[in-house]
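1. fold the following, please.
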Amino acid sequence: MKKLIYALLFVLVAVSAQAQQAKYVFYFIGDGMGVNQVNGTEMFQAELQGRIGVEPLLFTQFPVATMATTFSATNSVTDSAAAGTALSTGQKTYNSAIAVDEQKNPIESIAEKAKKAGRRVGVTTSVSVDHATPAVFYAHQPNRKMYYEIACDLPKAGFDFYAGGGFLSPHTTYDKKEAPSIFPMFDQAGYTLARGVDEYKAKAATAKKMILIQKEDKDQSCLPYAIDRKADDLTLAQITESAVDFLTKGNNKGFFLMVEGGKIDWACHSNDAATVFKEVKDMDNAVRVAYDFYKKHPKETLIVITADHETGGIALGTGAYALNLKALQYQASSIDQLSGRISELRKSKGNKVTWEEMKAFLADQMGFWKELPITWEQERMLHDEFEESFVNNKVKFAESLYSKDEPMAECAKKVMAQIAMLSWASGGHSAGYVPVFAIGAGSQLFGEKIDNTDIPKRIMKAAGYK
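-> The predicted structure is shown next:
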C-alpha cells in the first residue's frame, strides 16, 4: 500500500512539474534599452495625459522585475554582439563576437537547445536578420560585421521562422568579394520567403519554414522608426503575430521565440529622445501580442523582457529639478527623417533658403515658436547654424553609428533636448544596469539582481532545455 501511495505521489509531482514547465517561451530584447529609456517612456506618456508620474507600459507591470549587469569578457562596456552572446548562450565573450568564445569556438545558443528539445524556433527583429542580436541565436562567427557569412549560417541552424527588415550583404563576403546570393541558398534549404505581411499570409499555410522581410521597395536594413511609420510598413507587432501563428500551426510541440526591438538602440545612438520613447512603446505593443497568447496558456507560457545594454547614458533632468517631456510630442519625425527633409528643402531651393523659410519649416516639424516657446539663446543657436550651413554653405554632417544628419537637424535636436530638459552622456553604449521583467511559467526564477549570462540559463531551466 505504501509503495502505491509513493508511486502516486511521484506521478503527481511529475505531472505538477510538467505543468509548470514553459512550453512556450517569448524572449524580448530591447537593444540599448536601459532603465531610463523605460522610465522616460512611462513619464513621457504620463505628461501627455497632463499629469506628473508614470503611465505604465504593459511589460513593466509583470509580477517579476529585477536588473542585470552587462559587461563583456573584455570590457566593462559591451557591444551588442558580446551582450547578445551572453543573452543567447549564458557565456561572456569579447566585443564583436557572434556566439563564439574568446578562442573563437562556437557556443551553443538557447535557441539551438530549444530546437534540440523539439520546440519550434523563431528569431525576429526590427533591424536586419543578420544584425548582431538576432545573429547570436543562429550563427557562429568571429566578427559581427561578417553579414554574408552570418546569413549563410541561417539555414544551417534550421530554425522555423526568421523575420526582420532584410539582409545587409546578400551577395558580398566580409572581404568584399562577390559570392552566390543567399536567397537561392534559403530556397534550397526549404525556406519560403515572404516580403511583407500580406505575402506571409498568402504563403504561410503551405510553407514548412519561413523568412519574413520587408517589401523590395523598402529599406532592407531595418523597419522604419515607429514615429516615421507609413500604413504599409511592416511592424514588430505584426512580425510577432506572424511568428506565433507560424510556430503554433500543425503539430504544436511548443516554441522558443526571440523578438528584438533593435531600433531603440539606433535612436539612442542618435540621442533622439522622442524617437527612443516611441520605439520602447512600439516594442511594448509587440509584447502585448505575447501577453495575449500568455492569457490563453498561462501555465505553459514564459515571457521575459530585457536589454543587451544601455545606449547613450540618457539623463532625465538637467539640473533644474524639472522635466518637460511632453514637448517631445511636437517632433513630427525621427531626426534621421528630419535631416532628409532639410536636405530636400536645400535641394528644392537651390540652397537659397531664407531664415523665415527655415523657421516655418522647424515650426512645422519640431513645434518651435508655434507650440514651444524658444529662448533668445536657443533661437541664436538655430540661427547661427543656419548661417553656417545655408548662408556660408559650410555643411558638416553630424555622424552617429547608424545615421549621418544635416547640421541643422542636429542643432534642432539639441534645442529640443534643452526644452524637454534631458541630456545624453554620449552617442555610444554605457555600462548601466538593464531591466529584466518576467511573467508566467518559471518567472519565479528571476528575482534578485543578476548578470546577463543568468537570463538564458534560467529560461532553459524553466523550459527544460538541456
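
2. what segments of the stretch 101-250 of the chain are helices?
-> Applying DSSP state H, counting those that start in this stretch to the stretch 101-250 of the chain gives helices spanning 110-116, 132-138, 147-157, 182-188, 197-203, 236-247.

3. show residues contacting the first one.
-> What it means is helix 110-116. Taking contacts as CB atoms under 8 Å, 6 or more residues apart in numbering, the residues outside helix 110-116 that touch it are 25, 27, 88-90, 121, 123, 137-138, 157-159, 255-256, 258, 456, 459-460, 463, 465-466. Just so you know, the C-beta spots here come from the backbone N, C-alpha and C atoms, and that holds for glycine as well.

4. again, only this time at 7 Å
-> Contacts of helix 110-116 from elsewhere in the structure, counted by CB atoms under 7 Å, 6 or more residues apart in numbering, are 88, 121, 123, 137-138, 157-159, 256, 258, 456, 459-460, 463, 465-466.

5. ok, so of those, who is nearest Met421?
-> For the contacts of helix 110-116, the residue nearest Met421 by CB to CB is Met258; the value is 35.6 Å.

6. which one is that closest one nearest to, not counting chain neighbours?
-> Closest residue to Met258 apart from its sequence neighbours, by CB to CB, 6 or more residues apart in numbering: Tyr27 at 4.6 Å.

7. on the three-state scheme, that neighbour is what?
-> strand (DSSP: H, G, I helix; E, B strand; the rest coil).

8. quick one on the thing from earlier: what's the closest of the helices of the stretch 101-250 of the chain to Phe446?
-> Of all the helices of the stretch 101-250 of the chain, it is helix 110-116 that lies closest to Phe446, at 14.7 Å by CB to CB.

9. what's the mean pLDDT across the closest one?
-> What helix 110-116 shows for mean pLDDT is 98.

10. how far does that helix sit from the chain's center?
-> In terms of CA atoms, centre = their mean, to the nearest Å, the centre of helix 110-116 is found 21 Å from the chain centre.

11. kindly export it (C-alpha atoms) in PDB.
-> Extracted in PDB, the C-alpha atoms of helix 110-116 (Å, rounded to 0.1, in the frame of the first residue of the first chain):
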ATOM      1  CA  ILE A 110      19.400  28.700 -26.100                       C
ATOM      2  CA  ALA A 111      17.600  28.700 -29.500                       C
ATOM      3  CA  GLU A 112      19.700  25.800 -30.700                       C
ATOM      4  CA  LYS A 113      19.000  24.000 -27.400                       C
ATOM      5  CA  ALA A 114      15.300  24.600 -27.800                       C
ATOM      6  CA  LYS A 115      15.400  23.100 -31.300                       C
ATOM      7  CA  LYS A 116      17.200  20.000 -30.000                       C
END
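
12. could I get the buried residue list for that helix?
-> Across helix 110-116, burial judged by 16 or more other CB atoms under 10 Å covers 110-115.

13. now swap in stretch 396-408 and tell me
-> Within stretch 396-408, the residues that count as buried by 16+ other CB under 10 Å are 398, 400, 402-403, 405-408.

14. again, but for stretch 338-350
-> 338-343, 345-346.

15. restricting to C-alpha, output it in CSV.
-> Provided in CSV are the C-alpha atoms of stretch 338-350 (Å, rounded to 0.1, in the frame of the first residue of the first chain):
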residue,chain,number,x,y,z
LEU,A,338,14.1,65.5,-40.4
SER,A,339,17.6,65.6,-41.8
GLY,A,340,16.4,64.1,-45.1
ARG,A,341,13.7,66.7,-45.3
ILE,A,342,16.2,69.5,-44.7
SER,A,343,18.3,68.1,-47.5
GLU,A,344,15.3,68.0,-49.8
LEU,A,345,14.5,71.6,-48.8
ARG,A,346,18.1,72.7,-49.6
LYS,A,347,17.9,70.9,-53.0
SER,A,348,14.5,72.3,-53.9
LYS,A,349,15.5,75.8,-53.2
GLY,A,350,19.0,75.5,-54.8
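
16. mind listing residues that contact it?
-> The contact list for stretch 338-350 (CB under 7 Å, 6+ apart) reads 353, 361, 365, 405-406, 408-409, 412.
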